[in-house]
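Novice: Coordinates only, no sequence provided:
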């Protein structure tokens, strides 16, 4: 990161899951609070706040369950997610989810694939369900077979 004059103010590098690898602060003492993937980082707790929940880069896990996964597990909220997903027949196609056990881990960061995926919102499943990611881009990287057509 540079200051308004273009002088180096901070140089930070990270391991794949976001643990700090190197954090150089030149003599200016500048310290940016938005760090790994541009989210707020608290030096005292070594936690990043990814909008919906706290994340610990040292172990690559969120401290709490994905709120969307928790909502889906509550039957009274299920109809809204089924409709948002496009399952007008009252069902969500679960073959793709079950084909990759990492998708069932609601504490993991980017389905344990931080090199190829990012989770700045802390709500990865919501991004898929609400259409912010399309079927192929969100799910097909995890499938060993060709992508099935999207449910309409």
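Specialist: Sure thing, it's come through. These numbers come from a predicted model, not from an experiment. Residues are numbered from 1 along each chain as shown.
Novice: quick one: residue 48 is in a strand?
Specialist: Yes. Residue 48 forms part of a strand when assessed by DSSP: H, G, I helix; E, B strand; the rest coil.
Novice: pLDDT score for residue 86?
Specialist: Looking at residue 86, its pLDDT stands at 52.
Novice: Repeat that for residue 118.
Specialist: 79.
Novice: Looks like residue 69 contacts residue 106 (just checking).
Specialist: Yes. Between residue 69 and residue 106 a contact is recorded at 3.7 Å, counting by CB atoms under 8 Å. Yep, even glycine has a C-beta here, placed from its N, CA and C like the rest.
Novice: Quick check: pLDDT value at residue 133.
Specialist: The score at residue 133 is 51. That number is its pLDDT.
Novice: Likewise for the one 3 residues further on?
Specialist: For residue 136, the pLDDT comes out at 41.
Novice: same check, this time on residue 45
Specialist: 91.
Novice: State the three-state secondary structure for it.
Specialist: coil.
Novice: From residue 60, how far off is it?
Specialist: Using CB to CB, to the nearest Å, residue 45 is found at 16 Å from residue 60.
Novice: Those two: who's more crowded?
Specialist: Legend: neighbour count by other CB atoms under 10 Å for residue 45 and residue 60, higher for residue 60 (18 against 11).
Novice: Sounds good, over and out.
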